[in-house]
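Novice: Pasted the sequence and its predicted model underneath.
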Amino acid sequence: MSMSSAEQTKHRKNPYMFVLWGQKFDAVAATVFAVGFRRAGIRTKIVGIHGPASAGQHGLMLRTDMLLGEAISLTDYAVCVVLPCDLTAAHRLKEDPRLMKFLAAAAESGAQLVVSSPSVVAESELSEIPAAESQWLFYGDDVMASASAIAGEFAGEEVFG
């Protein structure tokens, strides 16, 4: 029997939610997920994959909590990794082999992997990550509702609303 996300979070010592942040990523999705997870009381880190600050799709600059190199050492504690990017940005993820290793290690440890749509996975190198189909979650157009539902599942309660 598999544990629910909330049970997984409670049973894993020092669980982390990671929101990846890089050039041309979706700032709205990144901030909504980070705020939702933090509001739910779950340790959340925004991870810079292109340095400590990057401009998103519409030029909004976000500073990160840690860099990818630091996050790699925490993959055993990952319960969820959000990749707030479109297909074009997803194709660039392969440029840093550490990132693909991070995602594979997080998937291996049982983390949920959150992206905007199934096509982002199917049409990019993300499809090569050894993750079960049930580990992929999709937030679609209603980022607020999706972030609330996902954060609420991990926290065991409604987050926004």
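Specialist: Perfect, I can see it now.

Novice: for this protein, where's the lowest mean pLDDT among helices and strands?
Specialist: Every helix and strand of the chain was ranked by mean pLDDT, DSSP states H and E. The lowest is helix 5-11, at a mean of 47.

Novice: Buried ones in the next helix or strand after that helix, by neighbour count?
Specialist: Next helix or strand after helix 5-11 toward the C-terminus (DSSP states H and E): strand 16-21. Using 16 or more other CB atoms under 10 Å as the test for burial, strand 16-21 gives 16, 17, 18, 19, 20, 21. In this view, the C-beta of every residue, glycine as well, is placed from N, C-alpha and C.

Novice: Strand 16-21 pairs with which strands?
Specialist: strand 44-48 (parallel), strand 78-82 (parallel) (DSSP bridges).

Novice: what residues does that strand touch?
Specialist: Strand 16-21 is contacted by residues 30, 33-34, 37, 42-49, 54, 56, 62, 64, 71, 74, 77-85, 99, 106, 154 when judged by CB atoms under 8 Å, 6 or more residues apart in numbering.

Novice: Name the nearest residue to residue 137, ignoring sequence neighbours.
Specialist: residue 114 (4.6 Å; CB to CB, 6 or more residues apart in numbering).

Novice: hang on, I meant residue 112
Specialist: residue 80 (4.6 Å).

Novice: How about residue 107?
Specialist: The nearest residue in space to residue 107 (CB to CB, 6+ apart) is residue 131, at 3.7 Å.

Novice: ok so the one you found is a helix residue?
Specialist: No - under the criterion used here (DSSP: H, G, I helix; E, B strand; the rest coil), residue 131 is coil, not part of a helix.

Novice: okay, now it: neighbour count?
Specialist: Counted by other CB atoms under 10 Å, the residues lying close to residue 131 total 20.
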